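Undergrad: Structure here, sequence nowhere to be found:
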């Protein structure tokens, strides 16, 4: 009996979460719990949050004046006969200096730090969305592998029954020994495929655990997704690729990162233009003399950056090139976003269409063909090889149907990574991501 074991997760509308799960809480709860753990425990996320905090600390630093300087020493001490009292110019001196950057420079440094914070936070949102999508992709890949293993075990049972029938027919002289050998060969081939699938399952379980910062060998229970909601979910329309791409361009964290880098490059260009403004140095000193009156002084000095016009012009040209590169990067991000959204959307639509084709046509035909082959073999109308082929064909089509069904959910995860939008239930929204650090 053919069993559709997967609920297809589809998206609809423009809500922050475009996926609705109308199923028992077993698998949706497991998926949400895995996403929550990955977002809170994944080392890459923790590292990104720490970098955001470090970047935020730079904003207040940017407006602080440079450190003042204190100098203590002796001045004008005679060399031949050192003394602190013989010469009136000899003194114990305390000098203090404070540099003041040119007008607008500190504010430009502050805006540059703020742009770095915006870029880091947007990068964090993108990273969280991608990790959540990876968790969903891994979860449904495990579901596919678990169902494929179950299908192969059922097929192996069918071939075991066929082998018993072949031996009985051979025993009474109605079958050939080659049929018995063929049945054993097919069972061995299935054992080989089962071993490969179980190995792939261990590998995928390691990936699923690693995303959640769990030991690679932690047990991952079988992922079972009950049937019954696929047809209802399939009726919920997605936005068109053009609408989704437009929404993604307005909300994608990848676009926000590129835009923040443009803002940062603009500030750096402004800083290069401000370099022609001199920095000021305020200096004051107090001198203590042993036998004479103490002395004090105050002076103001400034540098002359315009005496090196070539350096200033080259710095401005460097910053202008960096700004042009940042603008080109934004165009490239938008182009890649539209391309990736279109590709993921096409993959989603392909899987949805193939699911309907397998469910309504291919699998019923394969099931009828297997039953007919079994009945025909029982009465001797077909040879054993034809019967085995019908059984293995049914196994193949059941496995491919499972791949298409889980492919819908995995394509949605791909669409989430491509668009940067939280399309899957359980993915933190940008507001929740910003609040997390």
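TA: Arrived safely, thanks for sending. Because the structure is predicted, anything quoted here is derived from the model rather than measured.

Undergrad: Only C-alpha atoms from now on, for both contacts and neighbour counts.
TA: Fine.

Undergrad: Just give me the residue right at the centre of the protein.
TA: residue 130 (2.7 Å; Cα atoms, centre = their mean).

Undergrad: Would you mind measuring from it to residue 253?
TA: Distance from residue 130 to residue 253, counting by Cα to Cα, to the nearest Å: 11 Å.

Undergrad: picking that back up, in what helix or strand does the residue nearest to the centre of the chain lie?
TA: helix 105-171 (DSSP states H and E).

Undergrad: on that earlier part again, quick check: closest non-adjacent residue to the residue nearest to the centre of the chain.
TA: residue 417 (5.1 Å; Cα to Cα, 6 or more residues apart in numbering).

Undergrad: Contacts only, for the residue nearest to the centre of the chain.
TA: By Cα atoms under 8 Å, 6 or more residues apart in numbering, residue 130 lies in contact with 416-417, 420.

Undergrad: What of residue 419?
TA: 244-245, 248, 252, 337, 340-341 are the contacts of residue 419 under Cα under 8 Å, 6+ apart.

Undergrad: worst-scoring helix or strand of this protein, pLDDT-wise?
TA: helix 230-234 (a mean of 33; mean pLDDT, DSSP states H and E).

Undergrad: quick one: secondary structure of the residue lying farthest from the centre of the chain?
TA: Computed with Cα atoms, centre = their mean, the residue of the chain farthest from its C-alpha average is residue 86, at 76.0 Å. Of the three states, residue 86 takes coil under DSSP: H, G, I helix; E, B strand; the rest coil.

Undergrad: quick one: it and residue 111, what's the gap?
TA: 56 Å.

Undergrad: quick one on the thing from earlier: with distance to residue 272 and neighbour count as extra columns, can I get the contacts of residue 130 in JSON lines?
TA: Shown next, in JSON lines, are the contacts of residue 130 (distance: Cα to Cα, whole Å; neighbours: other Cα atoms under 10 Å):
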{"residue": "416", "distance to residue 272": "39", "neighbour count": "24"}
{"residue": "417", "distance to residue 272": "37", "neighbour count": "26"}
{"residue": "420", "distance to residue 272": "34", "neighbour count": "25"}
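
Undergrad: Would you format those residues as CSV with distance to residue 104 included?
TA: Putting those into CSV (distance: Cα to Cα, whole Å) gives the following:
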residue, distance to residue 104
416, 42
417, 40
420, 36
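
Undergrad: Among the residues you listed, which lie within helices?
TA: 416-417 (DSSP state H).

Undergrad: for the helix or strand just after the helix holding residue 130, packing partners?
TA: Counting by DSSP H and E, the element after helix 105-171 in chain order, helix or strand, is helix 177-211. Counting by 3 or more Cα pairs under 8 Å, 6 or more residues apart in numbering; DSSP states H and E, the packing neighbours recorded for helix 177-211 are helix 105-171, helix 384-419.

Undergrad: For the shortest one, buried residues please.
TA: I take that to be helix 384-419. For helix 384-419, the neighbour count (16 or more other Cα atoms under 10 Å) marks 384, 387-388, 390-419 as buried.

Undergrad: quick check: angle from it to helix 105-171?
TA: Helix 384-419 and helix 105-171 are oriented at 170 degrees to each other (axes from the mean of the first three to the mean of the last three Cα atoms, to 10 degrees).

Undergrad: gap between helix 384-419 and the chain center?
TA: Distance of helix 384-419 from the chain centroid (Cα atoms, centre = their mean, to the nearest Å) equals 26 Å.

Undergrad: Now do it against helix 177-211, angle only.
TA: 10 degrees.

Undergrad: likewise the longest one?
TA: Taking the same axes, to 10 degrees, one finds that helix 105-171 is oriented at 160 degrees with respect to helix 177-211.

Undergrad: and helix 105-171, what's its mean pLDDT?
TA: When pLDDT is averaged over helix 105-171, the result is 85.

Undergrad: where in this structure is pLDDT low?
TA: The chain contains residues with pLDDT under 70 at 1-26, 166, 168-180, 226-238, 430-437.

Undergrad: how much space between the spatially closest residue to residue 392 that is not a sequence neighbour and residue 147?
TA: Using Cα to Cα, 6+ apart and skipping residues adjacent in sequence, the residue nearest residue 392 is residue 155, 7.3 Å away. Relative to residue 147, residue 155 is positioned 12 Å away (Cα to Cα).

Undergrad: Comparing these two, which residue is more hemmed in?
TA: residue 147 (24 against 19; other Cα atoms under 10 Å).
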